[in-house]
Each structure stands twice: as structure tokens, then as C-alpha cells.
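# Just to be clear, the model below is a prediction. Sequence and coordinates:
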Amino acid sequence: MSRIMGMGDMLSLIEKAEEKMDKQKALDVHRKLQTDTFTLADFRDQLRQMRSLGSMEQMMGMLPKIGIFKDISKVKVDEKELVHIEAIINSMTPRERENHEIINGKRRKRISKGSGTSVQQVNQLLRQYVQSRKMMKTMSHGLLGKQLSRLKMPVSPAG
């Protein structure tokens, strides 16, 4: 019935996520987003958790084909790109992962060499990170906050 309504396997995706994801880590990420302390290392860890759920195409296939997701099946995700993203982040120093704003041209060049990617790919990742951070912060105030409160976990920034 839910497939008929365009809901895909959303319930299966949620069940899979609940099974694989650590609720305490989700709470920590929520707090970091609210306090604007979400780092590139956190971003990398979130990518790893998403990949543990299966392929991106498989997950996108579970999303409802309505609203903002109506054309999601047309989106193709190159899984190799996720490997490159992780390599780029791993090529950063811990200090760079904590504060992306210190990554200047010289550092970007070193990171690209260390990760076997181009400076343009490093720039693209940094832009994606900033955009994702903004989007996830917005989401953390809405849907994610409601989900965490449903789990009866405190969502205040104080930890």
C-alpha cells in the first residue's frame, strides 16, 4: 500500500537506520550541529555510517517518490566519490579537520597530493561540507530534534 502512495520503502530505511546507527552518536551529532561544532571528522563519520546502511542508490530507492524526492531515482551516486571524500578528509591534519577555515591554498595542495585528488576536488569537498553543515543544522532543529525527543533523550546543547 505504501508503495502505491509513493512512499517507497521509507519504513524499511528507517528500521535499517535504527538498527545500524548508534543513538548516542546521533545525539552527539545533533548537539554539535546546534552548537556549531560539527567538524570535518564528524562529517566523515556520518558518511561512514550512511555507507554502512548500504549503497547510496539503494537508500535513495527507499525514499518516497514525492515532493523533493520525486526525481531522486534519476540521481546517480558514484560510490568511488565517497572513497575520495574520505581520503581527502583523512589527508588533513586533526587541526584542519577541527577548523576547516584554516585550510589555505598551500594546505589544499598538500591535502590533494596526500589524497591522490585534485585541488578542485578538495575545494568542492569543502564547499559541500559547508552546505551540508548548514542543511543539517536546519534539519536538526526540526525533524531530527523531534525524533531525538521521541527517544526521550535530552537535546539541549549542554553535554
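Done, it's in. Numbers count the residues shown, from 1 in each chain.

# need the helices for the chain, in chain order.
10-20, 23-34, 40-52, 56-62, 79-90, 94-98, 105-115, 119-141, 143-150 (DSSP state H).

# What helices and strands are in contact with the longest one?
Applying 3 or more C-beta pairs under 8 Å, 6 or more residues apart in numbering; DSSP states H and E, one finds that helix 119-141 contacts helix 23-34, helix 40-52, helix 79-90, helix 105-115. Where C-beta positions appear, they are placed from N, C-alpha and C, glycine not excepted.

# What is the first one packed up against?
When you say that, I think you mean helix 23-34. Counting by 3+ C-beta pairs under 8 Å, 6+ apart, helix 23-34 packs on helix 40-52, helix 119-141, helix 143-150.

# Likewise for the shortest one?
In this structure, helix 105-115 packs against helix 79-90, helix 119-141, with contacts taken as 3+ C-beta pairs under 8 Å, 6+ apart.

# Report the mean confidence score over stretch 83-102.
Across stretch 83-102, the average pLDDT comes to 96.

# Please identify the buried residues of it?
Buried positions in stretch 83-102, judged by neighbour count with 16 or more other C-beta atoms under 10 Å: 84-89, 91-92, 96-97, 100.

# So K106 versus Y129, what's the distance?
To Y129, K106 is 19 Å away according to C-beta to C-beta, to the nearest Å.
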